[in-house]
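Colleague: could you work out the structure for the sequence below:
(2 chains)
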Amino acid sequence: MTDRASLLDVARIRQDFQALCTPFHGRPLIYLDSAVSGLCPRPVVDRVSHYASFEHTNVHRGVSTLSQEATDRFEEAREKVRAFINAPSASQIVWTRGTTESINLVAQTFGRQRVGPGDEILLSAMEHHSNIVPWQLLAEEKGARLRVIPMNDAGELILDDLDSLLSERTRILGVTQVSNVLGTINPVKEIIRRAHARNVPVLVDGAQGVPHLPVDVTDLDADFYVFSGHKLGGPTGIGVLYGRRELLEEMPPWQGGGSMILSVTWEKTTFCPPPTKFEAGTPAIAQAIGLGAAIDYLSGLGLDRIGGHEHALLAYATERLQAIPGLRIIGQAKAKASVLSFVLEGIHPHDIGSILDSENIVVRAGHHCAQPVMQRFGIPATTRASFSYFNTREEIDALVAGILKVQEIFQ
Amino acid sequence: MSDPRELYQQVIIEHNKKPRNYGDLETCTHHAHGLNPLCGDDIVLKVVVRDGIVEEVRFTGEGCAISKASSSLMTVNIKGKTVAEAEQMVAEFRGMIRGTLDTAVEPNSLGRLSLFQNVKNLPSRVKCAVLPWATLHSALHGETVVSTE
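Modeller: Have a look, this model is predicted:
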């Protein structure tokens, strides 16, 4: 009874997604690609449309009631993000374009201030390019070097090495909460605790974490936590940088322009306190408000129930796919989110992706912007299915049938 | 793509499994490295041109069935041709994939390479099919690295 009560009403939820209720090229769409981007539920679409139709103007400008109300809605969205990740204050929530921009912001401000010649930046072996390349650029600029926390064949970080990798030269540690390829849920709280014991601040890439797990940045004790709105079913072009207050205050501005200033003269400019200091120019207002609506939607369903449903789908899909001869699942960590990468013997992932596409099954095929992960497993690419709260067992059955068809064509 | 078998014809499947002219050449007169950064297709092409004739051609690399079969069939079809004839095939193959050359009605030298024409209905795979041809074009023009992105 309680189990039943805790289940999501998926049939009703699916009514909130027009893409799932409308034939796509004549047939139902099977969307198993939420790790690439979450579908927008109707309340998000409606909220963005309502804003654009009736409420739009610029924010933090002018004395009009219209502008004041737009500003209020925009700041309410910031407060929704704060509550969603349990940050101490909304002033610690900086709007960005997405995870990538958040990490670049930290690398170009905090990183530039703290990293010098001979210093080290510690990253995990399963980072997305967005948590590698900004640090590599910084390391090249400063004469610093990247070091890597290795992982085992199951796709779990080998934390035995962590304390020795945290050296006196380590200036920051960057780690993903959930691997976008392997689905591994990393023990970021433990990693942060051990890094802090060596006075090393930690940036957590939450892009793949927030859609699946309840996040509490205060409990994690994260120094920076970053994510993208669109992975939550919000609009693209909006993302979040959460930062520890003292760090945000010490960091220099990143981009200069309107909004972020207190006063400007030809001699000197003084800057607003965070978060405004980091928000030059007109922000993505409709997108921020849309992200607020996406958070309301997910909170309404309950992250725990979402996690429970996704976990059941992952267990079912893992069992079904493992039974297919010639199929190998990449990423077999004990703690996994609903991301399932696999390879088929003798068949390239792009061919798998194309043939599944002919069945209206949307998956991702490629290196998933994580080429070092591909190199670690000695493969050029994988096919990845990712499951969300609106997916069903029937859709996984269709995936299995699709994979069998691929094998038949390639016989 | 309504029926994937229109694209994944038996010839393509077979050349993917057993690519012709696959391997390295110790010496060559022209070579190029072709990459599709987005999907990771990667081909190294080596060519021996003597007296204006493509005398030998080999390729190595990783890729999907479309790029591998396209590479394999390309090598089979250009071997023994003049450089000018090979270049013409590059242009015709590109034209076919872009939809500017209808191989069924217009004269061309593609022969059974026209089985790749269905790729034009699949924009995400166009680069896979074209990669070896773009790489050949670069090799013959002395450009050693090419990207189809």
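
Colleague: going by C-alpha atoms from here, please, whenever you check contacts or count neighbours.
Modeller: Fine.

Colleague: up against chain B, what does chain A have?
Modeller: Taking CA under 8 Å from any CA of the partner chain as the contact definition, chain A meets chain B at A:346-351, A:354-355, A:357-358, A:365-367, A:380-381, A:409-410.

Colleague: would you write a ChimeraX line that selects the buried entries of those?
Modeller: In ChimeraX, the members of the residues of chain A next to chain B classed as buried (16 or more other CA atoms under 10 Å in any protein chain shown) are selected with the following command:
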select /A:347,348,349,350,351,354,355,357,365,366,367,380,381,410
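
Colleague: so for the closest residue to chain A within chain B, what's the pLDDT?
Modeller: Closest to chain A within chain B is residue B:64: 4.9 Å, counting by CA to the nearest CA. pLDDT recorded at residue B:64 is 93.

Colleague: same check on residue A:32?
Modeller: Reported pLDDT for residue A:32: 98.

Colleague: what do you get for residue A:146?
Modeller: With respect to pLDDT, residue A:146 scores 98.

Colleague: same check, this time on the one 4 residues further on
Modeller: At residue A:150 the predicted local confidence, pLDDT, stands at 98.

Colleague: doesn't residue A:162 make contact with it?
Modeller: No - checked against CA atoms under 8 Å, the pair residue A:150 and residue A:162 is beyond contact range at 9.0 Å.

Colleague: so who does the nearest residue to residue A:59 once chain neighbours are set aside touch?
Modeller: Distances taken as CA to CA, 6 or more residues apart in numbering or on different chains put residue A:71 closest to residue A:59, at 4.7 Å, once the chain neighbours are dropped. Applying CA atoms under 8 Å, 6 or more residues apart in numbering or on different chains to residue A:71 gives the contacts A:58-60.

Colleague: now, of the residues you listed, which are buried?
Modeller: Buried among the contacts of residue A:71 by 16+ other CA under 10 Å: A:58-60.

Colleague: could I get the contacting residues of the closest residue to chain B within the stretch 151-300 of chain A?
Modeller: Nearest residue of the stretch 151-300 of chain A to chain B, counting by CA to the nearest CA: residue A:181, 14.8 Å away. Applying CA under 8 Å, 6+ apart to residue A:181 gives the contacts A:331, A:339-341, A:368, A:370, A:373, A:384.

Colleague: does it count as helix, strand or coil?
Modeller: Following DSSP: H, G, I helix; E, B strand; the rest coil, residue A:181 is assigned to coil.

Colleague: also the one 10 residues further on?
Modeller: Secondary structure for residue A:191, judged by three-state DSSP, is helix.

Colleague: what's the answer for the one 4 residues further on, then?
Modeller: At residue A:195 the chain is in helix, as set by three-state DSSP.

Colleague: point out where chain B drops to low pLDDT.
Modeller: B:1-2, B:148-149 (pLDDT under 70).

Colleague: who are the contact partners of the residue of chain B closest to chain A?
Modeller: Contacts of residue B:64 (CA under 8 Å, 6+ apart): A:347-351, B:41, B:128.

Colleague: now, which of those residues lie within helices?
Modeller: A:349-351, B:128 (DSSP state H).

Colleague: just give me the neighbour total for residue A:372.
Modeller: The number of residues packed near residue A:372 is 16, by other CA atoms under 10 Å in any protein chain shown.

Colleague: so it is in which element?
Modeller: helix A:371-377 (DSSP states H and E).

Colleague: contacts for the helix or strand that comes right after that helix?
Modeller: Sequence order places strand A:382-386 as the next helix or strand after helix A:371-377, per DSSP H and E. Residues outside strand A:382-386 that contact it (CA under 8 Å, 6+ apart): A:32-35, A:181, A:330, A:338-343, A:349-350, A:352-353, A:363-367.

Colleague: thanks again, I'm all set now.
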